[in-house]
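> predicted structure and sequence below. I'll ask about it afterward.
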Amino acid sequence: MKKPVLTLLFSLFSFMAFSQNYTLLLWSGTPPLQTDMALEEEIRQEGIIRIANVQIPTIEVYLPAKQIATGKAVVIFPGGGYGILAYDWEGTDFAKWLNAQGIAGIVVKYRLPISKSLTDPKEVPLMDAQRAIRLVRQNAVAWNIDPAKVGIMGFSAGGHLASTLSTQYNHEVNRPKDSIDALSARPDFSVLVYPVITFQDEAVHGGSRKNLIGENASQELKDRFSGQLNVNSETPPTFLVHAQDDKGVPIENSILYYQALHKSGVKASLHIYPSGGHGFAFGLGKGAVEGWREVLLAWMQETVK
């Protein structure tokens, strides 16, 4: 066997031997704003793993091999219109890919607002997102992560959650607090992939809005959950990617958010590809959009130092 092949096999073995993943509960006992945990969690697998009716929110942690670890971490919010989670397609697949780049990938199985066990459904996804960031920072030393290099990545409705976290990381609701709540929930950077941003009528993804705040929501709630209206100078640097032919979430969502970031002086990068549709994930076999991850890595190299 030739030496380069042996070297490659050794590298692969080292990666498999020293990288690791495990799952942590977001909350101890019954999570906040939830009456009970009696409703059975539904898991369906139809080519893509879809999880619905989440009752026990978790983070699934994928750590890179120590030899290649950069200290960066990305907390991932899968999409699914706030009705399901596309858990592997927009979650664990990306965590594993990030590991190969020396970046920790943490997938959040967050509660969905359509669950009947929630007492204030609209607040729950953001609360779980804040908790996920804080848990990563609490475990930063043990996981070989720099607590100042913890970013987020969200897809579609998961992108809406990521943009909400980016602009409302200090939002609080009345609930019991613990020591973890003292840690910052502000992401250090944000990656939004074909994101839902606005709940205003002209470019809204109706399913996400209906599931999160209801069909007859007030204008105040529509404004609160329209990310472009809540950007300020403290919003984290952001990378946005979208396809022009997206029939699910109009490209105006990414454009509106980018314009708000630019107006507030926040570093941002917007990439719109002519084709790819909605939910392209890695973009494999979909033309130029297939290269978006390399563009992202270059942006992270420049932005997250």
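Thanks, I have it. Residues are numbered from 1 along each chain as shown.

> report the residue spans of the stretch 101-250 of the chain with pLDDT below the cut-off.
Within the stretch 101-250 of the chain, no stretch has pLDDT under 70.

> again, 90 this time
116, 201-206 (pLDDT under 90).

> and the end-to-end length of stretch 153-172?
Taking Cα to Cα, to the nearest Å, stretch 153-172 runs 22 Å from one end to the other.

> chain center to that stretch, what's the gap?
Remark: stretch 153-172 is offset 8 Å from the chain centroid, using Cα atoms, centre = their mean, to the nearest Å.

> buried ones in it, by neighbour count?
For stretch 153-172, the neighbour count (16 or more other Cβ atoms under 10 Å) marks 153-169 as buried. In this view, the C-beta of every residue, glycine as well, is placed from N, C-alpha and C.

> mind checking which of the residues you listed are in helices?
Residues of these located in helices (DSSP state H): A157, G158, G159, H160, L161, A162, S163, T164, L165, S166, T167.

> quick check: the first one vs H205, distance?
This points to A157. 7 Å (Cβ to Cβ, to the nearest Å).

> ditto for the second one
When Cβ to Cβ is the yardstick, G158 and H205 sit 12 Å from each other.

> that older thread, what touches both of A157 and H205?
G81, V196 (Cβ atoms under 8 Å, 6 or more residues apart in numbering).

> pretty sure A148 sits against P187.
No: applying Cβ atoms under 8 Å, one finds A148 not in contact with P187, separated by 11.0 Å.

> okay, these two: which has more neighbours?
P187 (23 against 13; other Cβ atoms under 10 Å).

> give me the secondary structure label for that one.
Under DSSP: H, G, I helix; E, B strand; the rest coil, P187 falls in the coil class.

> and it, what does it touch?
P187 touches V75, I133, V150, G151, I152, A162, L165, S166, Y169, P236, counting by Cβ under 8 Å, 6+ apart.

> ok, for it, nearest residue in space, not its chain neighbours?
In space, and not counting its chain neighbours, P187 is closest to I152: 4.4 Å by Cβ to Cβ, 6 or more residues apart in numbering.

> ok, the one you found to T92 distance?
16 Å.

> tell me the contacts of the residue nearest to P187?
By Cβ under 8 Å, 6+ apart, the neighbours of I152 are 74-77, 129, 133, 162, 165-166, 187, 189-191.

> all strands of this structure, in order?
Using DSSP state E, the strands of the chain run over 20-25, 42-46, 48-52, 58-63, 73-77, 85-86, 104-109, 150-155, 190-193, 238-243, 268-273.

> the last one pairs with which strands?
Each strand pairing with strand 268-273, determined using DSSP bridges, is listed with its direction: strand 238-243 (parallel).

> what lies in contact with the strand it pairs with?
166, 189-195, 249, 251, 253-254, 257-258, 261, 266-278, 280, 289, 292, 295-296, 299-300, 303.

> quick check: chain neighbours aside, which residue is closest to T35?
Per Cβ to Cβ, 6+ apart, closest to T35 is S117, 5.2 Å.

> over to A132?
V108 (4.6 Å).

> burial count for that neighbour?
31.

> pretty sure it sits against I51.
No: contact between V108 and I51 fails when scored by Cβ under 8 Å: they sit 11.3 Å apart.

> check the separation of the first and last residues in stretch 167-187.
10 Å.

> hang on, the earlier thing: just the buried subset of the contacts of strand 238-243, please.
166, 189-195, 249, 251, 253-254, 257-258, 261, 266, 268-273, 276, 278, 280, 289, 292, 296, 299-300, 303.

> you'd agree the residue nearest to T35 is up against Q55?
Yes: contact criterion Cβ under 8 Å: S117 and Q55 qualify, at 6.4 Å.

> next up, the contacts around the residue nearest to L126 when sequence neighbours are not counted.
Closest residue to L126 apart from its sequence neighbours, by Cβ to Cβ, 6+ apart: T164 at 5.5 Å. The neighbours of T164, taking Cβ under 8 Å, 6+ apart as the test, are P125, L126, A129, F225, G227, N230.

> out of those residues, who has the most neighbours?
That'd be G227 among those, by other Cβ under 10 Å, with 30 neighbours.

> quick check: the nearest residue to that residue once chain neighbours are set aside vs Q101, distance?
Nearest non-adjacent residue to G227, counting by Cβ to Cβ, 6+ apart: S163, 3.6 Å away. From S163 across to Q101, the span is 23 Å (Cβ to Cβ).
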